[in-house]
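# any chance you could fold what I've pasted below:
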Amino acid sequence: MTYLKLSVTSLFAMLMMVITFNALADEASVQTPIEVYWEDLVPEGFNELAPPSVQHNGEMSQLQPDAPVVDTFDGKRVKIPGFVVPLEGTAELTTEFLLVPYFGACIHVPPPPSNQIVYVKFEEGVRIDNIYDAIWVTGELSTDGWKGDIASVGYRLKGEAVEGF
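Predicted coordinates for the structure are as follows:
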């Protein structure tokens, strides 16, 4: 009888460990964002047109404002590197910005195709120390586009965190 109690107790303890480890593994997979790079956001076979030569009259029209997007990361928690083009916020906190693949996009040169721009929104705002530096932005990605005065955007990201590159 003692052997049976010991066996049942051991089996119960082992079962609880398996359940705990599975729960921790599921939680870890939810917490770890997928690293996404700009080439991952372009559909295979998409032909990005060469940008026009720089015009010095202040015009900077976007060459491909309706470029196709990739659905692979829609609704997923991701981490994307890029540069900030501020849209809304205060001197201390930025609440909305465009994340672009290279410095100066949308400001000094015409905007890249819409599938190479991510509209990022932080409900509470986030501190951006230096807009000249590349950053990583983490949050939930969506293929819902966004249109603004600067450019048409293929992706949105509900911002959670920003860190240096």
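
# so where's this protein uncertain?
By pLDDT under 70, the low-scoring segments of the chain are 1-30, 50-60.

# let me see the ranges of the helices in it.
Under the criterion DSSP state H, helices of the chain are mapped to 2-31.

# just checking, what's the longest strand in this structure?
strand 77-89 (DSSP state E).

# helices and strands around it, which ones?
Applying 3 or more C-beta pairs under 8 Å, 6 or more residues apart in numbering; DSSP states H and E, we find strand 77-89 packed against strand 34-35, strand 94-100, strand 118-126, strand 135-142, strand 155-164. The way it works is simple: take the backbone N, C-alpha and C, and place the C-beta from them, glycine included.

# tabulate these (a markdown table), appending mean neighbour count and distance to P86.
Shown next, in a markdown table, are these (neighbours: other C-beta atoms under 10 Å; distance: least, C-beta to C-beta, whole Å):
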| stretch | mean neighbour count | distance to P86 |
| --- | --- | --- |
| strand 34-35 | 13 | 24 |
| strand 94-100 | 22 | 5 |
| strand 118-126 | 19 | 10 |
| strand 135-142 | 20 | 12 |
| strand 155-164 | 17 | 12 |
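
# can you list those strands in JSON lines and add distance to G45?
Shown next, in JSON lines, are the helices and strands packed on strand 77-89 (distance: least, C-beta to C-beta, whole Å):
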{"stretch": "strand 34-35", "distance to G45": "22"}
{"stretch": "strand 94-100", "distance to G45": "23"}
{"stretch": "strand 118-126", "distance to G45": "21"}
{"stretch": "strand 135-142", "distance to G45": "21"}
{"stretch": "strand 155-164", "distance to G45": "19"}
